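A.B. asks: Following is a predicted model, sequence given first.
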Amino acid sequence: MAPRSMKMNDDTMAKLTDDILAEIISRVPYRPTCCCKCVSTRWRDLISHPDHREKMPQSLAGFFCKDYSSDPLPRIARRFTNVSGKGEPLVDPSLSFLPKYENVEVLDCCNGLLLCRCWKPTDPKTLDYVVCNPATKKWVVVPATEWSSKVNVARLGLEPAISSHFHVFEFVPGSVFWKKLEPFAYGVPCFIKVGIYSSKAGVWSQKNVLASTCGLEVPVDSRTVFLRGTLYLSAFYGLVVAVDFEGNNWRFIHTPVTPYTEDTPDGIYLSQGQLYFTHKGDSELSIWVLEGENWTLKHSVSCLQLFGELYSSIGNDYNIISIHPEHDAVFMVSGPEKALISYDMDSRELCLIRQLGWDCIITSYIPYVPLFSKSLADGH
């Protein structure tokens, strides 16, 4: 570019106010935002300033997880582990800013908001759903449905770049409606209806599950992704189920690889704006990305290459818990002491983050990316 053209561009950018420039930068993903800090001292200070922080995209902060508490009550305790593995927790895992409940269970996290199931102390069979933002300590109560106390699978959908409104998905088992049911495969409930709450409308709607006549079989700890107005769930029989936020459009996507064991579906994750699928094979880890209607193999590595000299002690004893939302990095937990490990797909390097301890529950890791926006509708 000619010096004259460069000078004209510099002059144009200099004329933009801080608010306009911050609005422009806020619309790019996290990694390019980090690069923007290198453009000039003005851009660096603008991105880092507290007044603009709520607009800027954030990166993975850590994981909510559960372990067996040494105290008599509660037997299962919640904690937060920083993605760096160092320092005090960036988030208070007790969520002490919420109203007083008998028990608070974190069910899901989506783009900075948590979906909690909160049991009331007045009646152990009644509950509220609470959607909260740990970064701003704002929260809003979602009224329970008549079957909420019997529902095990509820998930959250939010895309703050599109709207501040969220959706809660409640998958209702057939046992709520029928007294006598045939045994379920693998002892899991068969979902025949889905309730969808819209924070914009403030009401629940109910839709039938568009699956086979036996309903939809999804494990209680099913991995979910909310992307472009659609909730994706990993289900049994090598399926990923997709339903839009109105419950009208359903898709059943076959996974590219048959699960290692049919009673433990492989995970799906959101990374770099795409849906990822991980398959833990007998001796190999493969990672796929959904492009249009087809899965494309992104990365594969043998367990021997993955763990190196540790392979003899680890073998197949590991579980994928997440993929970094902005980087080609996989997070896993391995071994009896539940070592939290990251694996870089580009460099093929393995990094120990920290030992979580034998008492961590292997299916309860929920990744958390902070959201500093104060736009939680009708929040307290």
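C.D. replies: Perfect, thanks for sending it. Residues are numbered from 1 along each chain as shown.
A.B. asks: Give me the neighbour count for residue 221.
C.D. replies: 16 (other C-beta atoms under 10 Å). Glycine gets a C-beta too; all of them are placed from N, C-alpha and C.
A.B. asks: so which helix or strand takes in residue 106?
C.D. replies: Element membership of residue 106 [criterion: DSSP states H and E] is strand 103-110.
A.B. asks: Tell me how many other residues surround the nearest residue to residue 366 once chain neighbours are set aside.
C.D. replies: In space, and not counting its chain neighbours, residue 366 is closest to residue 64: 4.3 Å by C-beta to C-beta, 6 or more residues apart in numbering. By other C-beta under 10 Å, the residues close to residue 64 number 21.
A.B. asks: got the contact list for residue 64?
C.D. replies: For residue 64, the contacting residues are 78-80, 91, 93, 106, 109, 114, 364-366, 368, by C-beta atoms under 8 Å, 6 or more residues apart in numbering.
A.B. asks: and of the residues you listed, the nearest to residue 305?
C.D. replies: Using C-beta to C-beta, residue 365 comes nearest to residue 305 of the contacts of residue 64, at 24.0 Å.
A.B. asks: and the closest one, what pLDDT?
C.D. replies: Residue 365 carries a pLDDT score of 89 in this model.
A.B. asks: For it, which non-adjacent residue is closest in space?
C.D. replies: residue 321 (4.1 Å).
A.B. asks: in what helix or strand does that neighbour lie?
C.D. replies: Here residue 321 is assigned to strand 318-323, by DSSP H and E.
A.B. asks: Counting by contacts, list what that strand packs against.
C.D. replies: strand 268-271, strand 274-280, strand 329-334 (3 or more C-beta pairs under 8 Å, 6 or more residues apart in numbering; DSSP states H and E).
A.B. asks: related to what we said a few turns ago, give me the residues contacting the strand holding residue 106.
C.D. replies: Counting by C-beta under 8 Å, 6+ apart, 64, 74, 78, 95, 98, 114-119, 130, 154-158, 166, 224, 226, 366-368 sit against strand 103-110.
A.B. asks: all strands in the stretch 201-350 of the chain, in order from the N-terminus.
C.D. replies: 203-208, 216-217, 224-227, 230-235, 239-244, 250-254, 268-271, 274-280, 284-291, 294-302, 318-323, 329-334, 339-344, 349-355 (DSSP state E, counting those that start in this stretch).
A.B. asks: I'd like these as TSV, with distance to residue 144, mean neighbour count and mean pLDDT appended.
C.D. replies: Compiled in TSV, the strands of the stretch 201-350 of the chain are given as follows (distance: least, C-beta to C-beta, whole Å; neighbours: other C-beta atoms under 10 Å; pLDDT from 0 to 100):
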stretch	distance to residue 144	mean neighbour count	mean pLDDT
strand 203-208	9	13	91
strand 216-217	21	24	72
strand 224-227	20	20	95
strand 230-235	19	22	92
strand 239-244	21	21	91
strand 250-254	25	15	91
strand 268-271	27	22	95
strand 274-280	30	21	94
strand 284-291	33	18	95
strand 294-302	37	14	95
strand 318-323	29	22	92
strand 329-334	32	22	94
strand 339-344	34	20	94
strand 349-355	37	14	92
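A.B. asks: In a markdown table, list those strands along with distance to residue 173.
C.D. replies: As requested, those are exported to a markdown table (distance: least, C-beta to C-beta, whole Å):
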| stretch | distance to residue 173 |
| --- | --- |
| strand 203-208 | 13 |
| strand 216-217 | 10 |
| strand 224-227 | 17 |
| strand 230-235 | 14 |
| strand 239-244 | 15 |
| strand 250-254 | 18 |
| strand 268-271 | 22 |
| strand 274-280 | 25 |
| strand 284-291 | 28 |
| strand 294-302 | 29 |
| strand 318-323 | 26 |
| strand 329-334 | 29 |
| strand 339-344 | 33 |
| strand 349-355 | 37 |
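A.B. asks: Out of the ones you listed, which is closest to residue 87?
C.D. replies: Among these, strand 349-355 sits nearest to residue 87 (C-beta to C-beta), with 10.8 Å.
A.B. asks: Dump that closest one to PDB, keeping only the CA atoms.
C.D. replies: Extracted in PDB, the C-alpha atoms of strand 349-355 (Å, rounded to 0.1, in the frame of the first residue of the first chain):
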ATOM      1  CA  GLU A 349       1.800 -31.200  22.900                       C
ATOM      2  CA  LEU A 350       0.200 -32.400  26.100                       C
ATOM      3  CA  CYS A 351       0.200 -30.100  29.200                       C
ATOM      4  CA  LEU A 352      -0.700 -30.900  32.700                       C
ATOM      5  CA  ILE A 353      -2.900 -28.100  34.200                       C
ATOM      6  CA  ARG A 354      -3.400 -29.600  37.700                       C
ATOM      7  CA  GLN A 355      -4.500 -32.600  39.700                       C
END
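A.B. asks: Numbering from 36 from now on, please.
C.D. replies: Taking 36 as the first residue, the last one we looked at is strand 384-390.
A.B. asks: Residue 366 versus the residue lying closest to residue 338 once chain neighbours are set aside, what's the distance?
C.D. replies: Among residues not flanking residue 338 along the chain, residue 318 sits closest, at 5.3 Å (C-beta to C-beta, 6+ apart). Noted for residue 318: a distance of 21 Å to residue 366, by C-beta to C-beta, to the nearest Å.
A.B. asks: same question, residue 140
C.D. replies: Separation of residue 140 from residue 366 (C-beta to C-beta) stands at 22 Å.
A.B. asks: and what of residue 321?
C.D. replies: 16 Å.
A.B. asks: With distance to residue 75 as added columns, please give the helices and strands packed on strand 353-358 in JSON lines.
C.D. replies: Output for these, formatted as JSON lines (distance: least, C-beta to C-beta, whole Å):
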{"stretch": "strand 303-306", "distance to residue 75": "30"}
{"stretch": "strand 309-315", "distance to residue 75": "31"}
{"stretch": "strand 364-369", "distance to residue 75": "29"}
